[in-house]
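Student: what's the 3D shape of this:
(chains A and B)
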Amino acid sequence: MGTKKDEKLVQEITSREVDFAKWYTDIVKKAELCDYSSVRGCMVLRPYGYAIWENIQRILDTTFKQLGHENVMMPLFIPESLLQREKEHVEGFAPEVAWVTMGGSEQLAERLCVRPTSETLFCEHYANVIHSYRDLPKLYNQWCSVVRWEKSTRPFLRTAEFLWQEGHTMHATPEEAIAETERMLDVYADFAEQQLAMPVIRGRKTDKEKFAGAEATYTIEAMMHDGKALQSGTSHYFGDGFARAFDITFADRDNQLRHPHQTSWGMSTRIIGGIIMTHGDDNGLVLPPAVAPIQVVILPIAFHKGGVLEAAQRVQEQLRAAGLRVKLDDSDATPGWKFSEYEMKGVPLRLEIGPRDLENESCVVVSRDNREKTVVPLSELTTRLPELLEAYRARLYESALKNREARTSTALTMAELMEQAKGNGFIKTMWCGDLACEETVKEKAGLTSRCMPFAQEHLSDVCPICGKPAKTMIIWGKAY
RNA sequence: CGGGGUGUAGCGCAGUUUGGUAGCGCGCUUGGUUCGGGACCAAGAGGCCGCGGGUUCAAGUCCCGCCACUCCGACCA
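Tutor: Here you go, the predicted model:
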């Protein structure tokens, strides 16, 4: 009774303020999201972690299909010659691809790369199936895993193999392809903000940071609790560069052969790392309702006593019928242990039902984020719980937004930039657009450009690094 | 790929300085009492001390090599 909302009950978790990186790996392990495997850099997604991904997948997949996309399955392997068709692309990915050189006991005539991304495979296929403007647009997506031989890995944030979706589309005109690139960035941004309660900044990557082979890369950038940035979803416009490299042409309405214009866009299991680092606290994970494997956990109190368990079971059936993801925990662990356990797992709402509640035909509902208790009559559960979930989601968003605003600053001079770079956070400056200035910031302040936001602000007329006229506002930060 | 740290029961650790029977806490199993914020009592089970070599009568401990994890850089979703 009377537990303060910031009281830390789970001693095994390192405090966020003490060591954020340690806190992160503690959460990942204690909440049973994933486990290490014997393959370097590859992780086992455990049921609870995979269930989060399944929810993400279901929501995004539904949206993609509503927008006319179709799912396909491309091969796992890319022949070396195919990967090399687009010069910038191969240069970008070559350092981190895994190669297959043997088939059984035979040396392969041509080595095969395990896909790090599938642009080349989609292009090879598109060359076969696109002939006429009537074949366009092609709106394909695939859910798969890809492999990138990373030097150092961290659960969810960077693993050698990771799950993602990659959309690849082909369009008759640049305008249409650019519109698709922007539309899909909006899908990601809306998903992050509305479903995951993660505020994001939409913007464009600099040439230095854009995807290998792309003409333009759009990004959503989220800020983690420690002030570092996480690139949370990207959408690329390729122009017709790949189409030319892969000889993809179509006969247009005027019977002229033209190259189609291409996009690709992806979101990966990395976003789960983002959810953890955006919302989690010292008691564990805090999950947004949309992707929480369990939205409401029902904990019967003193359930050996008459009627408690039966009442809890009735509540479970009622809530399931109302479309909520519910778990009734009638194991014989003590209530206190269960409280901590489901807080660690980030379950949004806990519903306590005991002998005292039965007398009043009510139960106690506790929100994960602030531990606020609400007494809810059993007859009102199906209307009140969705309201409580929505209020909870809104609080998560507001709190993340507040953190981002508190950790965002503006620098008008290089000295200010250097000073502000001592902490973590976003720093807004103007920028002349020169690569040299971007590299200077990286070298001297240890920051990378996150994006040139679509929502531009005019901070001053000049680039604080070189003093030349500024072309755009840009955001800098330390990135995961 | 560079620099640091750590590998001993499922988890967290002690033991390594000075070589001499493998330990503690939590968890797990069984029985009982409990149950509105990580309960209590009793009895149990559980180890190739990261891997491979060496030194020694004897290695968790000393020497050499390797591997994994982890943190900080560089590279990247």
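Student: and the stretch 301-450 of chain A, which of its residues are near RNA strand B?
Tutor: Residues of the stretch 301-450 of chain A lying near RNA strand B by CB under 7 Å from any atom of the strand: A:301-304, A:332-337, A:339-341, A:343-344, A:352-357, A:363-364, A:366, A:371, A:442, A:446. Bear in mind the C-beta positions are built from the backbone N, C-alpha and C, glycine included.
Student: Just the buried ones among those residues, please.
Tutor: Those of these that meet the buried threshold are A:301, A:303, A:339-341, A:343-344, A:352-354, A:357, A:363-364, A:366, A:371, by 16 or more other CB atoms under 10 Å.
Student: any idea which of the residues you listed is least confident?
Tutor: Least confident of these in the model: residue A:303, at 86.
Student: Check which helix or strand it maps to.
Tutor: Following DSSP states H and E, one finds residue A:303 outside all helices and strands.
Student: Excluding chain neighbours, what is closest to residue A:390?
Tutor: Nearest residue to residue A:390, sequence neighbours excluded (CB to CB, 6 or more residues apart in numbering): residue A:289, at 7.9 Å.
Student: any idea how far the one you found is from RNA strand B?
Tutor: As defined by CB to the nearest atom of the strand, to the nearest Å, residue A:289 lies at a distance of 18 Å from RNA strand B.
Student: can you pull the pLDDT of that residue?
Tutor: As predicted, residue A:289 sits at a pLDDT of 98.
Student: got it, and the one 3 residues further on?
Tutor: You'll see residue A:292 listed with a pLDDT of 98.
Student: Was I right to think it contacts residue A:327?
Tutor: No. Counting by CB atoms under 8 Å, residue A:292 does not reach residue A:327; the two are 10.6 Å apart.
Student: list residues touching both of those two?
Tutor: residue A:347 (CB atoms under 8 Å, 6 or more residues apart in numbering).
Student: Between these two, which has more neighbouring residues?
Tutor: Applying other CB atoms under 10 Å to residue A:292 and residue A:327 shows that residue A:292 carries more neighbours, namely 23 against 15.
Student: Leaving out chain neighbours, which residue sits closest to the residue nearest the centre of chain A?
Tutor: Nearest to the centroid of the C-alpha atoms of chain A, with distances taken as CA atoms, centre = their mean, sits residue A:271, at 2.1 Å. What sits nearest to residue A:271 in space, not counting adjacent residues and going by CB to CB, 6+ apart, is residue A:232, at 5.8 Å.
Student: So the helix or strand hosting the one you found, near RNA strand B or not?
Tutor: Per DSSP H and E: residue A:232 is located in strand A:229-239. Yes. For strand A:229-239, a contact with RNA strand B is found by CB under 7 Å from any atom of the strand, at A:231, A:234.
Student: which residues of the stretch 251-400 of chain A fall in helices?
Tutor: Secondary structure of the stretch 251-400 of chain A (DSSP state H, counting those that start in this stretch): helices located at A:270-279, A:308-321, A:335-344, A:355-360, A:381-406.
Student: Deepest-packed of these, please.
Tutor: Counting by mean count of other CB atoms under 10 Å, helix A:270-279 has the highest mean neighbour count of these, with a mean of 25.
Student: the helices in the stretch 1-150 of chain A, which residues?
Tutor: For the stretch 1-150 of chain A, helices defined by DSSP H, counting those that start in this stretch occupy the ranges A:20-30, A:47-66, A:80-83, A:87-93, A:119-129.
Student: Convert the longest one to PDB, retaining C-alpha atoms only.
Tutor: Spelled out, that is helix A:47-66. What follows is helix A:47-66, C-alpha atoms only, in PDB (Å, rounded to 0.1, in the frame of the first residue of the first chain):
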ATOM      1  CA  PRO A  47       8.400 -15.400 -27.200                       C
ATOM      2  CA  TYR A  48       7.800 -12.100 -25.400                       C
ATOM      3  CA  GLY A  49      10.200 -10.200 -27.700                       C
ATOM      4  CA  TYR A  50       8.900 -11.900 -30.800                       C
ATOM      5  CA  ALA A  51       5.300 -11.100 -29.800                       C
ATOM      6  CA  ILE A  52       6.200  -7.400 -29.800                       C
ATOM      7  CA  TRP A  53       7.600  -7.800 -33.300                       C
ATOM      8  CA  GLU A  54       4.500  -9.700 -34.500                       C
ATOM      9  CA  ASN A  55       2.300  -6.800 -33.300                       C
ATOM     10  CA  ILE A  56       4.500  -4.300 -35.100                       C
ATOM     11  CA  GLN A  57       4.400  -6.500 -38.200                       C
ATOM     12  CA  ARG A  58       0.600  -6.900 -38.100                       C
ATOM     13  CA  ILE A  59      -0.100  -3.200 -37.800                       C
ATOM     14  CA  LEU A  60       2.400  -2.100 -40.500                       C
ATOM     15  CA  ASP A  61       1.400  -4.900 -42.800                       C
ATOM     16  CA  THR A  62      -2.200  -4.000 -42.600                       C
ATOM     17  CA  THR A  63      -1.300  -0.400 -43.400                       C
ATOM     18  CA  PHE A  64       0.900  -1.400 -46.300                       C
ATOM     19  CA  LYS A  65      -1.900  -3.500 -47.800                       C
ATOM     20  CA  GLN A  66      -4.400  -0.800 -47.400                       C
END
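Student: Quick one: mean pLDDT for stretch A:253-272?
Tutor: Across stretch A:253-272, pLDDT averages out at 96.
Student: So for it, what gets flagged as buried?
Tutor: Buried residues in stretch A:253-272 (16+ other CB under 10 Å): A:258-272.
Student: Quick one: end-to-end length of that stretch, please.
Tutor: Stretch A:253-272 stretches 45 Å from its first residue to its last (CA to CA, to the nearest Å).
Student: Tell me if that stretch is near RNA strand B.
Tutor: Yes. Part of stretch A:253-272 sits near RNA strand B under the criterion CB under 7 Å from any atom of the strand, namely A:266, A:268, A:269, A:270.
Student: could you dump those residues to TSV with distance to residue A:196?
Tutor: TSV is the format used below for the residues of stretch A:253-272 next to RNA strand B (distance: CB to CB, whole Å):
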residue	distance to residue A:196
A:266	16
A:268	14
A:269	13
A:270	12
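Student: Which ones among those residues lie within strands?
Tutor: Mapping these onto strands (DSSP state E) picks out A:266, A:268.
Student: how distant is the strand holding residue A:232 from the center of its chain?
Tutor: Remark: strand A:229-239 is offset 12 Å from the chain centroid, using CA atoms, centre = their mean, to the nearest Å.
Student: for the following helix or strand past that strand, packing partners?
Tutor: Sequence order places helix A:241-245 as the next helix or strand after strand A:229-239, per DSSP H and E. Here helix A:241-245 touches helix A:119-129, strand A:261-268, going by 3 or more CB pairs under 8 Å, 6 or more residues apart in numbering; DSSP states H and E.
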